[in-house]
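>>> Sequence first, then the predicted structure:
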Amino acid sequence: MALEFLAPITTPAALRSVQADASPLITTILVLIGLSLEGGIIAWIHFATKDPNAKPKEKKKGGFFGFLKK
């Protein structure tokens, strides 16, 4: 059948149950994908708007790459 790849990680009874009605498995997978997308969007918004009023750091005037003296 189509869900035979689950055989190594499920019991025979669980495999028969999933083969009879796969909607709980599909729902679980879709929920996990949705939560992952939501978490990614939340992280992207967080980093895009992180501390917008921060003052820029002063650059050190040094030699080569700012740490070797002339």
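Done, it's in. Fair warning: this is a prediction, and the values are worked out from it, not measured in the lab.

>>> All the helices of the chain, residue numbers only.
Applying DSSP state H to the chain gives helices spanning 12-20, 23-48.

>>> most tightly surrounded among these?
helix 12-20 (a mean of 12; mean count of other C-beta atoms under 10 Å). All C-beta atoms are positioned from the backbone trio N, CA, C, and that covers glycine.

>>> Output it as PDB, restricted to C-alpha atoms.
Below are the C-alpha coordinates for helix 12-20, written out as PDB (Å, rounded to 0.1, in the frame of the first residue of the first chain):
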ATOM      1  CA  PRO A  12       1.300  -3.900  12.900                       C
ATOM      2  CA  ALA A  13      -1.900  -2.700  14.600                       C
ATOM      3  CA  ALA A  14      -1.000   1.000  14.100                       C
ATOM      4  CA  LEU A  15       0.000   0.400  10.500                       C
ATOM      5  CA  ARG A  16      -3.400  -1.300   9.800                       C
ATOM      6  CA  SER A  17      -5.100   1.700  11.500                       C
ATOM      7  CA  VAL A  18      -3.300   4.200   9.400                       C
ATOM      8  CA  GLN A  19      -4.000   2.300   6.200                       C
ATOM      9  CA  ALA A  20      -7.700   2.100   7.100                       C
END
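
>>> hang on, the earlier thing: so which of the helices of the chain comes closest to Glu4?
Nearest of the helices of the chain to Glu4, taken as C-beta to C-beta: helix 12-20 at 8.1 Å.

>>> Please convert the helices of the chain to a markdown table, extending it with mean pLDDT and distance to Pro56.
A markdown table is the format used below for the helices of the chain (pLDDT from 0 to 100; distance: least, C-beta to C-beta, whole Å):
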| stretch | mean pLDDT | distance to Pro56 |
| --- | --- | --- |
| helix 12-20 | 90 | 56 |
| helix 23-48 | 95 | 18 |
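
>>> Just put those in JSON lines and tack on distance to Lys55.
Shown next, in JSON lines, are the helices of the chain (distance: least, C-beta to C-beta, whole Å):
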{"stretch": "helix 12-20", "distance to Lys55": "57"}
{"stretch": "helix 23-48", "distance to Lys55": "19"}
